[in-house]
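1. Model the following, please.
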Amino acid sequence: MVFCCLHCYVAVAQNNETVPQDIGTGNAAINIAVSVEAEPTGDSYYAEAERNEKSGDLNGALTLFGKAAFEYNSSRNFNAYGAALLRLSNVHFLLNNFSEAEQVVLNVALKNYSRIGNRIGQMDSYNQLGKVYFASNKLTQSLWFYTQQGILARQLKNNPAYINSMLGIISIKIKKKEYSLALKDVNKAELFARTNKVSQYNAQFKNTRNILKGKVNQKK
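-> Numbers count the residues shown, from 1 in each chain. Model prediction:
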């Protein structure tokens, strides 16, 4: 889907080159100066896509994030290009288009971030792939990407991202019914968060514990 959209935008851009407009009047030609509005930018497409996503128009957001990605790539703003691709992937994810969500990150966003050496972008790409593979029930792939996210997060000293990767791994273990291992990881993640004064995941820790408690009781 994303490749088709981006190719379409290329074709449109090639066919919309500005040319003088001559209107023939007998043997003379009058050159008319045409006033045109400023062309939309990647930023304007991106902002409009965010508004559409927030309002629930996911198909509109999909189109606009694709246009934003095309504009950023054309202007060689590769960091913004990667960000737009990740948002595009996430809208596919919200629409349950898991294959498209995977391909946008794996074949485009991750390669873009690797090429420009943006390790934060790579880390975010790993997180997105972990999430997509988990939703697709591809738990081995999901575990690998969440683990890679965690490794990069530790290297970058990004504590929230590291905890986020741990929560992803815990979700996998719960789905695999490895409840004791999942509980150990919850304890480890909670201790890490408390030691590093990261409080934003407290509700998730509590919710995860409740889920584990319910699963264990159900198993008994």
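
2. Which residue ranges make up the domains of this structure?
-> 1-6+39-117, 118-220 (automatic domain parsing).

3. Tabulate the ones you listed (JSON lines), appending mean neighbour count.
-> Where you see a C-beta, it was placed from the backbone N, CA and C, and this is true even at glycine. Conversion of these to JSON lines gives the following (neighbours: other Cβ atoms under 10 Å):
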{"stretch": "domain 1-6+39-117", "mean neighbour count": "19"}
{"stretch": "domain 118-220", "mean neighbour count": "17"}
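
4. Let me have these in a markdown table, adding mean pLDDT as columns.
-> Below are those laid out as a markdown table (pLDDT from 0 to 100):
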| stretch | mean pLDDT |
| --- | --- |
| domain 1-6+39-117 | 94 |
| domain 118-220 | 95 |
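
5. Just give me the residue right at the centre of the chain.
-> Taking Cα atoms, centre = their mean as the criterion, Leu86 is the residue nearest the geometric centre of the chain, at 2.4 Å.

6. Let me see the contact set for that residue.
-> 105, 109, 121, 124-125, 128 (Cβ atoms under 8 Å, 6 or more residues apart in numbering).

7. Run through the strands of this protein in chain order.
-> Secondary structure of the chain (DSSP state E): strands at 21-25, 28-32.

8. weakest of the ones you listed by average pLDDT?
-> If the strands of the chain are sorted by mean pLDDT, strand 21-25 sits at the bottom with a mean of 39.

9. Stretch 93-106: end-to-end distance?
-> 14 Å (Cα to Cα, to the nearest Å).
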